[in-house]
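Trainee: need a 3D model of the following:
(3 chains)
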Amino acid sequence: MDLSKLNDKQKEAVMHIDGPLLILAGPGSGKTRVLTNKIAYLIENNYAMPIQILAITFTNKAAKEMKDRVYKLVGKSAFDVQLSTFHSFGLRILRENYQELGLNKTFTIIDESDSLSLIKKILKDLNIDEKMLSPKYVKNRISSSKNSLIDVLEYSKYSKGDIEEKVYEIYKKYQELLIKNSSVDFDDLLFMPVKLFRKNKQILEAYQELFKYIFIDEYQDTNEAQYVLAKMIASKYQNITVVGDESQNVYSWRGANYKNILNFEKDYKNVTTILLEQNYRSTKTILNAANDVIKNNKERKEKNLWTNNDLGEKIKYIKATDEKDECRIVIEEIKKLNHKMELKDMVVLYRTNAQAQIIERTFLENNIPYKIVGAYTYYSRKEIKDLLAYLKLINNTKDDVSLIRCINTPKRGIGKKTIEDLELEAKRQNKSLFDVIKDGKEGTFKKIIENLIKAKDNISLTELVDLILTKTGMIDEYKKENTIESISRVENLNEFKSITKEFEEETGNISLEDFLLEISLVSDINENKSEINGVSLMTLHSAKGLEFDLVFVMGLEDGIFPHINSLDSLEELEEERRLFYVAITRSKEYLYLLNANTRLLFGSKTANPPSRFIKEIDEKYIEKDNIKEEFNIEDSFYEDEVFYEIGDQVYHETFKNGIVVSLDKDFVTIAFSRKYGIKKLMKNHKSLRKVW
DNA sequence: GCCTAAGTGCTTTTT
DNA sequence: GCACTTAGGC
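Mentor: Residues are numbered from 1 along each chain as shown, chains lettered A, B, ... in the order given. All right, here's what the predicted structure looks like:
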């Protein structure tokens, strides 16, 4: 194998065999190349069989990318490497030990929205008003507890006060219901393996023995559960290689703790540390700008990123009048630069998925090919979730969540009252809802499900889907409706059959059980169809690990990016800054920063000041392309703090007269005329002033 | 039980 | 602006 393309540091990392290895790798420093080459090196030199290698990434996309690259290096044995996301790896452990964990072989993975519905249902059962305790908050608490390895029992020890006690009660109920439904949520995929290993040392030892070499990518993004899971398996042979960059931790809201990477040298003995500081991706301008930004963060290891690349183009900062104008400018620039590069080498990045809508519309209107990554998910469409509910129920009849979803879809005259009675009866007999139905009197629904269960083992998956679509009346219902919307729903449902077909062609006759588990960890069917030559549209988070010739960062406004919810805390603001750092460093050559003077938010027009991050970049790297405004954005703010009180009369350049209704640290909420409504604005923005 | 109209609250980011 | 929930009439 050819290591001549690697630099000395990279080579050293690849050829390091035994003991813990920490690779601190800046953006564009070739860490994926090191990882894939190292895996190949182990295989080719017989240090390990492919099945003895565990390599973990954070996204499906990264896993696929890495698999492809290992395949190119070692061929078919790449398929034997356990190369997957943490969650898929957790799923494997669950599947191999389901009995130990009190699950059926055909257990179900519930997605986030099902998890939220379950919590809403529990709140209702416990007579808790959603306004007093929001289901979302509860879900967050449960999720972060699981990610910190705090189970129900443990939680009870720390829950103090009314709210916390309520959350505890809900957590307890939630977990009971999951087990009763033979279901797990995403967080369980990480938590349950750890629980299993703590309980059963023999099982842990078997995995320790199997996975002699462990690789963890994006180590700065590991949460407690992931960190412990990796450590448990690695603890016997200590052959663990972790790669990461604390400056790119953008998942602390999901429990990721960048200190895991900073502490690696303390956590393991005899750690070899290698710094990858040479950037091969970006121009000097882009790299310097990125360094300008990230140096404003306090908690980080000093790294000295450098590149041999040219100075390159200046970064363009463009200020649009509104969000439509912002999109128009992007399209214009794409057209201008299209002769220099292909569309697939361009990306448009935004902070929130909500921004994607108008961008997508503009691309459509201008007939520019594009692909949206993540965001709108095929699997979260109503009709697809309904179909999936049937499949899940047939696979796992204990799954009450799915039963409730499909029992009256399409309408069969089964309403609230019937379901309530059914639930009561199920509770009385301590049975699943379907068991009660099965023992009860004949009915359309019962007949449909029983027939489908009988049929499922004798026909292919695609045939089963077809049977569901026709026998349940789903397709007919939508065909009868005959609206633009219902026609598209029929199309989506039919598309599902091509998905199952594809699975069957790839893996032979895939079982229903395998299929459901497989797709539950994939958010979009298009995830693997990146071959279209179009501009990529995605959130900043999805862009991590990717690179493009041309990068647009949109909505660079205080309140959008950095996001409004992060402005009050230094930690969260630093995370936003890391996100900006990630965004800048995605670019090889061209970088556009855009924002808008006003934009439609929550259906009303708002004005946000330019993002505070822009001014952190040295002016000399920036070109003010057709900006009327001076570059120094400080000019749009008053230097001194402006004091407001509730009830103050104010005047805004765009929104005219208004009255202050509430205040917080940097922002003031103002009620303007009916036309503009209520807005939250920066206190010291120059377009706003007090009227005495 | 179903349908509609009015009412509400909401948007971070992913597996 | 939109998706989702709720109340009230049929």
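
Trainee: in the stretch 401-550 of chain A, which spans are helices?
Mentor: For the stretch 401-550 of chain A, applying DSSP state H, counting those that start in this stretch gives helices covering A:416-429, A:433-439, A:444-456, A:461-471, A:474-481, A:484-507, A:512-520.

Trainee: correction: the stretch 151-300 of chain A
Mentor: In chain order, the stretch 151-300 of chain A shows helices spanning A:152-158, A:162-180, A:188-199, A:201-210, A:224-234, A:259-262, A:264-267, A:284-294, with DSSP H, counting those that start in this stretch as the criterion.

Trainee: can I get the helices of the stretch 401-550 of chain A in JSON lines including mean pLDDT?
Mentor: Output for those, formatted as JSON lines (pLDDT from 0 to 100):
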{"stretch": "helix A:416-429", "mean pLDDT": "89"}
{"stretch": "helix A:433-439", "mean pLDDT": "93"}
{"stretch": "helix A:444-456", "mean pLDDT": "94"}
{"stretch": "helix A:461-471", "mean pLDDT": "95"}
{"stretch": "helix A:474-481", "mean pLDDT": "87"}
{"stretch": "helix A:484-507", "mean pLDDT": "88"}
{"stretch": "helix A:512-520", "mean pLDDT": "92"}
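
Trainee: between those, which gets nearest to DNA strand B?
Mentor: helix A:416-429 (2.8 Å; CB to the nearest atom of the strand). The way it works is simple: take the backbone N, C-alpha and C, and place the C-beta from them, glycine included.

Trainee: hmm, who's touching the closest one?
Mentor: Applying CB atoms under 8 Å, 6 or more residues apart in numbering, the contact partners of helix A:416-429 are A:D400, A:I404, A:I407, A:N408, A:S432, A:L433, A:D435, A:V436, A:I437.

Trainee: mind listing what's buried in it?
Mentor: Buried residues in helix A:416-429, counted by 16 or more other CB atoms under 10 Å: A:L422, A:E423, A:E425, A:A426.

Trainee: where does chain A have low pLDDT?
Mentor: A:375-376, A:524-530, A:625-641, A:653-654, A:664-666, A:673-678, A:686, A:691-692 (pLDDT under 70).

Trainee: and the residue of it closest to DNA strand C?
Mentor: A:G603 (2.4 Å).

Trainee: and that residue, how many residues sit next to it?
Mentor: Neighbourhood size, A:G603 [other CB atoms under 10 Å]: 6.

Trainee: can I get the helices of the stretch 151-300 of chain A in CSV including mean neighbour count and distance to A:Y378?
Mentor: Output for the helices of the stretch 151-300 of chain A, formatted as CSV (neighbours: other CB atoms under 10 Å; distance: least, CB to CB, whole Å):
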stretch, mean neighbour count, distance to A:Y378
helix A:152-158, 13, 34
helix A:162-180, 17, 25
helix A:188-199, 21, 21
helix A:201-210, 14, 34
helix A:224-234, 22, 27
helix A:259-262, 20, 34
helix A:264-267, 15, 38
helix A:284-294, 23, 34
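
Trainee: for the ones you listed, which one sits closest to DNA strand B?
Mentor: Closest among those, once you apply CB to the nearest atom of the strand, is helix A:188-199, at 7.5 Å.

Trainee: so A:I622 is in contact with A:I315, correct?
Mentor: Yes: between A:I622 and A:I315 a contact is recorded at 5.0 Å, counting by CB atoms under 8 Å.
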